[in-house]
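Student: show me the folded form of this:
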Amino acid sequence: MTGTQRRFDRLRRIQDLDPERDYEEIWRLVSAYEFPWDYWQSVSLAFFRTFAIPSISALLEETGEIVGHTQKRADDTLLIMYEMGRLGLESPEGRAYLRRMNQMHRRYNIANDDHIYIIALFIVVPVRWIDQFGWRRLTAHEQRALTNYGRRLAQLMGIKGAPATFADFDQFARSYEHRHFAVTDSSRRLAAAALAISADMLPHSLRGPLKPLMHRFSLASLDEALLHAVGLPLPPERDRRLAAWLLRTRGCILRLLPPRPDSRPHRLALATYPDGHRVCEIGPRWLTDGTADEKDNIVQGEGP
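Tutor: Now for the predicted structure:
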């Protein structure tokens with residue numbers, strides 16, 4: 001059996017699952033086995049896009065977490081998303097991370113449409129990225145499962161009026177960006193802080209010499225509308241072409257390699273938690289040091 005033939009064994013398993021019922025299992029197979037690097041890279045990109053919405057960027061800067069504690073804030077976002085999916089949205093362990101996220105949001109007045117936009121990004125940006133740079137495109141079956149996963153998460157967060165289909169989420173995100181993308185002082189500062197840690201993905205010994213290249217690669221991976229809305233310069237066209245070529249070439253190479261074994265699911269390696277973590281360590285200082293107000297400990301939106 002060739003590597004290419006084996007590459008599609010897991011897809012056949014996914015196709016045998018029901019995206020209306022088994023969406024969590026399909027989400028895990030996509031994010032932990034089929035496209036682990038692509039999926040989590042695109043989740044980081046999805047969070048970066050929120051900086052371009054003035055209402056969201058103003059709130060994010062108000063917390064002081066992204067500019068003051070950039071690495072921890074980024075790692076906390078990834079960690080909560082990862083653990084909820086790995087453990088299951090319906091499991092007691094997964095609900096512990098959900099409660100933590102709801103506690104973090106409870107202190108702030110976040111508009112429902114901003115919430116829908118964020119959920120939409122966590123659905124559509126990974127699909128867009130994987131379809132462009134992954135070793136294969138996602139099927140409509142997988143898109144439906146990821147959509148159902150996002151809809152269930154929205155329900156558990158108490159978000160109202162979430163779109164019903166992937167196409168509806170995609171249209172909502174595009175329309176929201178068209179209406180709200182705007183450069184502000186907050187968006188500039190948040191984007192600069194996030195880009196400053198992009199080299200931290202590299203081994204420590206390589207961060208110094210490769211940091212300028214990582215910065216150029218990160219800029220080249222962002223679209224023009226987003227760059228404008230966060231006050232970043234448009235990179236040279238040659239950088240954009242090179243970045244796209246490298247990412248597509250990586251996908252072509254992966255297509256020829258054996259798939260990730262079932263015994264080796266993807267694990268997040270986060271600089272903030274090199275030795276593991278506890279749920280109580282996740283979040284801003286006011287939550288982790290026990291100084292949260294009483295209302296911050298009331299978890300809203302955790303459905304049945």
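Student: going by C-alpha atoms from here, please, whenever you check contacts or count neighbours.
Tutor: Will do.
Student: so where is the chain shaky, pLDDT-wise?
Tutor: Low-confidence segments of the chain (pLDDT under 70): 1-5, 65-67, 198-211, 290-304.
Student: what count of nearby residues applies to the closest residue to residue 260 other than its chain neighbours?
Tutor: Leaving aside its sequence neighbours, residue 260 sits nearest to residue 33 (CA to CA, 6 or more residues apart in numbering; 5.8 Å). Residues near residue 33, counting by other CA atoms under 10 Å, number 19.
Student: verify the stated contact: residue 33 with residue 266.
Tutor: Yes - between residue 33 and residue 266 there is a contact at 6.5 Å, judged by CA atoms under 8 Å.
Student: ok, the residue nearest to residue 32 when sequence neighbours are not counted to residue 83 distance?
Tutor: Leaving aside its sequence neighbours, residue 32 sits nearest to residue 266 (CA to CA, 6+ apart; 4.7 Å). Distance of residue 266 to residue 83, computed by CA to CA, to the nearest Å: 12 Å.
Student: quick one: residues contacting the residue nearest to residue 260.
Tutor: 259, 260, 261, 262, 265, 266 (CA atoms under 8 Å, 6 or more residues apart in numbering).
Student: what number of residues lie near the residue nearest to the fifth one when sequence neighbours are not counted?
Tutor: Spelled out, that is residue 265. The shortest distance from residue 265 to any residue other than its chain neighbours is 5.2 Å, reached at residue 32 (CA to CA, 6+ apart). Here the number of neighbours of residue 32 (other CA under 10 Å) works out to 23.
Student: equivalent analysis for residue 137, please.
Tutor: When neighbours are counted by other CA under 10 Å, residue 137 registers 14.
Student: secondary structure class for it?
Tutor: Following DSSP: H, G, I helix; E, B strand; the rest coil, residue 137 is assigned to coil.
Student: the closest residue to it other than its chain neighbours: which element?
Tutor: With CA to CA, 6+ apart as the criterion, residue 137 has its nearest non-adjacent residue at 4.4 Å, and that residue is residue 131. Element membership of residue 131, judged by DSSP states H and E, is helix 112-133.
Student: good, wrapping up.
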